[in-house]
Structures are given as structure tokens and as C-alpha cells.
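Peer 1: Could you work out the structure for the sequence below:
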Amino acid sequence: MKWNDQRELELEHDDLDLLVWNIPNEVMNGLNIDNFQERIGDSQEEFKRVSNRLRSLPETERAKLSTHEVKLFRNALALTLYELGIDEFSTRTGYDFDKGREILRELDEFLGGKHRLLRN
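Peer 2: A predicted model of the protein is given here:
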């Protein structure tokens, strides 16, 4: 992940795969989420629209998320980690639970206003 001075987050390929493909699949198809808008931060339709936009980007283009979009994916990731737990998270997403928690910490840090420009 890379943050820029416009308060946008740029996702790298692994993060993009987890956040834009696997996590939306779980929150829209796998988990039964009551009060979706309240728990995720927007309507299911809007979350799906943002996910589809990011999914349609060419592989050569970095995905950039606004602060609002970061909040949506942060909440969806946190909920998925909580609901699935260690074993089920790895099985259903193909990603290690600790990798999910690491990405969650980075998203929390970004949203906490402690953003900085990260370099590859």
C-alpha cells in the first residue's frame, strides 16, 4: 500500500486481490450482514459499485481509493476477520489471517490521520 498527499490510498496487487475480490465476495455473498449500511459505511449497492470499478482496472494501473472507500473496505475486512476467524478466513479468502490483520492495521493507520508517503 502507498499513501499520497491527496489522502488517497494506492493498493498493490496482493492487497487489491484481497480487498476488492475476496472481501466483497464474503460481505455480499458469504456472510449474512444485518444493517449493512451501518456496519460497512454505505449501501450494499454502493459497495458493489466501488468494488466493480476497482475490479475493472487494468493490471498495469494502480487502484486509488478515497478516504470514504478506504473506510468501506476497512470495515468490510474487519467484519470478515471477526466473523470468519483464523481457520475459516484462510480457507475462504486464500489469505493468511495475519495478512488480513496486517492490512487492517495499515488501513486503520491511514484513517487515523497518521498518513505518510510510503515509497517502494
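
Peer 1: who's in contact with the one helix or strand Asp15 maps to?
Peer 2: In this assignment (DSSP states H and E), Asp15 forms part of helix 13-16. Contacts to helix 13-16, defined as Cβ atoms under 8 Å, 6 or more residues apart in numbering, come from residues Met1, Leu54, Glu59, Ala63, Lys99, Ile103. In this view, the C-beta of every residue, glycine as well, is placed from N, C-alpha and C.

Peer 1: Look up the closest residue to the last one, ignoring the ones flanking it.
Peer 2: Beyond its immediate neighbours in the sequence, the residue positioned closest to Ile103 (Cβ to Cβ, 6 or more residues apart in numbering) is Asp15, lying 5.9 Å away.

Peer 1: Could you do the third one as well?
Peer 2: Closest residue to Glu59 in three dimensions, ignoring its sequence neighbours and counting by Cβ to Cβ, 6+ apart: His13, at 7.6 Å.

Peer 1: Repeat that for the fourth one.
Peer 2: For Ala63, the nearest residue in space outside its immediate sequence neighbours is Leu11; the separation is 4.4 Å by Cβ to Cβ, 6+ apart.

Peer 1: repeat for the second one
Peer 2: The shortest distance from Leu54 to any residue that is not its chain neighbour, by Cβ to Cβ, 6+ apart, is 4.5 Å, and that residue is Val20.

Peer 1: do you know how far that neighbour is from Asn35?
Peer 2: 23 Å (Cβ to Cβ, to the nearest Å).

Peer 1: Between the two, which is the more surrounded one?
Peer 2: Between Val20 and Asn35, Val20 has the larger neighbour count (other Cβ atoms under 10 Å), namely 21 against 7.

Peer 1: Show the backbone phi and psi for the more buried one.
Peer 2: phi -100, psi -20 (degrees, to the nearest 10).

Peer 1: ok, it - contacts?
Peer 2: By Cβ under 8 Å, 6+ apart, the contact set of Val20 is Leu11, Ser51, Leu54, Arg55, Ala63, Phe73.
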